[in-house]
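> sharing a model that was predicted from the sequence below.
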Amino acid sequence: MVDISTTYLGMHLKNPLVASASPLSKNLDTVVDLEKVGISAVVMYSLFEEQIIQESLKLDSDLSRGTYSYAEALDYLPDYGMYSIGPESYIDQLRKIKRTLSIPVIGSLNGISTGGWIDYAQKIEQAGADALELNLYDLATDVNLTSNQLEERHINLVRDIRQKVNIPLAVKLSPFYTALPQFASRLVEAGANGLVLFNRFYQPDFDLEELEVVPNLVLSDSNELRLPLRWIAILYGRVQADFALTSGVHSGNGTLKAMMAGASVAMLASELLKNGIGRIPEILAEIETWMVEHEYESIDQMKGSMSQKSVADPAAFERANYMKVLSSY
């Protein structure tokens, strides 16, 4: 019997499949079904910095408006129903999911600046989250903002959140950093226990009839696996953190590749949104079948076996690969 268990952020998981942050966690029945079919952990959908700031400003505006209109207004409060504004609804949903599931539940904060909003990291911990994932989705559009300034902002944010919580902290990154290995190392020094590679940037589109810029969500496909696969393979053993591979995980083979690169878990959402959560037991069966056929006893046995520091040709991850690909066509 093969052992497909793994360890991520200090948590022992029954297998390496984790449901990444997505709309799946907005429905309690859905996350219950995810556990039933074999998922090992769930990352909550993200709570955005902008949501918290917007709701705080709205509450302040509502509390101030009409205060001096008449005497009864002095004790006026807006009718939010137990203050069930967006951020608080998130915390409530996290509590419900944590009470219901026996597998780990990871909270998710999406933000880029320090400030009062990061107090919600503590609220997520107090609601019972087993770990926190900080999603650094930051698009630099200011021509005066240097790469050093951008990175320093992110490092300070991680450091500030680390001071707020005691639970494990993972940082979800985009691939768009000038020197990713050095930045990844600095994030770990600032308090990150894990790195999630990579966030997907959803590009806007143009509506030529309405002449508007419109959002356009395109789910991932298996070809997107290669980018995080390469970088986890490069970072494994050099940066002392747990790695989660996300974007492009659609099969057992993709999960196995993630483990061999050095990931502790493979996170998936697009495959479940497109083809249903019934894919989870199918992917787990694919993993076990391959391991039996190739005489692997455990996930730990294969972890990092195809990382840059382990393979016979480390240059395959660098410029040599670029030249080989071009000459192979």
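Nice, thanks for sending it over.
> any stretches of the stretch 151-300 of the chain with poor pLDDT?
Applying pLDDT under 70 to the stretch 151-300 of the chain flags no residue at all.
> please repeat the previous calculation with a cut-off of 90.
176, 178, 200-204, 215-220 (pLDDT under 90).
> which stretches in it count as strands?
Along the stretch 151-300 of the chain, the segments classed as strands by DSSP state E, counting those that start in this stretch run 169-173, 194-197, 205-207, 212-214, 242-246, 265-268.
> elements contacting the third one?
Strand 205-207 sits against strand 212-214, with contacts defined as 3 or more C-beta pairs under 8 Å, 6 or more residues apart in numbering; DSSP states H and E. C-beta here means a position set from N, CA and C on the backbone, and glycine is covered the same way.
> out of the strands of the stretch 151-300 of the chain, which gets nearest to residue 314?
Comparing the strands of the stretch 151-300 of the chain by their distance to residue 314 (C-beta to C-beta), the top pick is strand 242-246, with 17.8 Å.
> tilt between that closest one and strand 169-173?
40 degrees (axes from the mean of the first three to the mean of the last three C-alpha atoms, to 10 degrees).
> and strand 242-246, how far out from the chain's middle?
Centre-to-centre, strand 242-246 and its host chain are 9 Å apart (C-alpha atoms, centre = their mean, to the nearest Å).
> returning to that earlier point: same list, the strands of the stretch 151-300 of the chain, but as JSON lines with mean neighbour count and distance to residue 32 please.
Output for these, formatted as JSON lines (neighbours: other C-beta atoms under 10 Å; distance: least, C-beta to C-beta, whole Å):
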{"stretch": "strand 169-173", "mean neighbour count": "25", "distance to residue 32": "24"}
{"stretch": "strand 194-197", "mean neighbour count": "26", "distance to residue 32": "24"}
{"stretch": "strand 205-207", "mean neighbour count": "11", "distance to residue 32": "35"}
{"stretch": "strand 212-214", "mean neighbour count": "10", "distance to residue 32": "34"}
{"stretch": "strand 242-246", "mean neighbour count": "27", "distance to residue 32": "22"}
{"stretch": "strand 265-268", "mean neighbour count": "29", "distance to residue 32": "18"}
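> of those strands, which is nearest residue 187?
Nearest of these (C-beta to C-beta): strand 169-173, 5.3 Å.
> now do the helices in the chain.
For the chain, the helices defined by DSSP state H cover 28-37, 49-64, 86-100, 119-126, 147-164, 180-190, 226-235, 252-261, 270-275, 279-293, 299-302, 319-328.
> and the first one, what's buried?
For helix 28-37, burial by neighbour count (16 or more other C-beta atoms under 10 Å) applies to 30-31, 33-35, 37.
> next, the angle from it to helix 86-100.
Here the directions of helix 28-37 and helix 86-100 differ by 40 degrees (the same axes, to 10 degrees).
> what's the burial count for the residue nearest to residue 161 when sequence neighbours are not counted?
The shortest distance from residue 161 to any non-neighbouring residue, by C-beta to C-beta, 6 or more residues apart in numbering, is to residue 121 (4.8 Å). By the measure other C-beta atoms under 10 Å, the count of residues near residue 121 is 24.
> isn't residue 121 right up against residue 164?
Yes - Residue 121 lies in contact with residue 164 (C-beta atoms under 8 Å); the separation is 4.5 Å.
> who's residue 196 bridged to?
residue 172, residue 244 (DSSP bridges).
> give the contact list for it.
Applying C-beta atoms under 8 Å, 6 or more residues apart in numbering to residue 196 gives the contacts 133, 170-173, 243-244, 246, 267.
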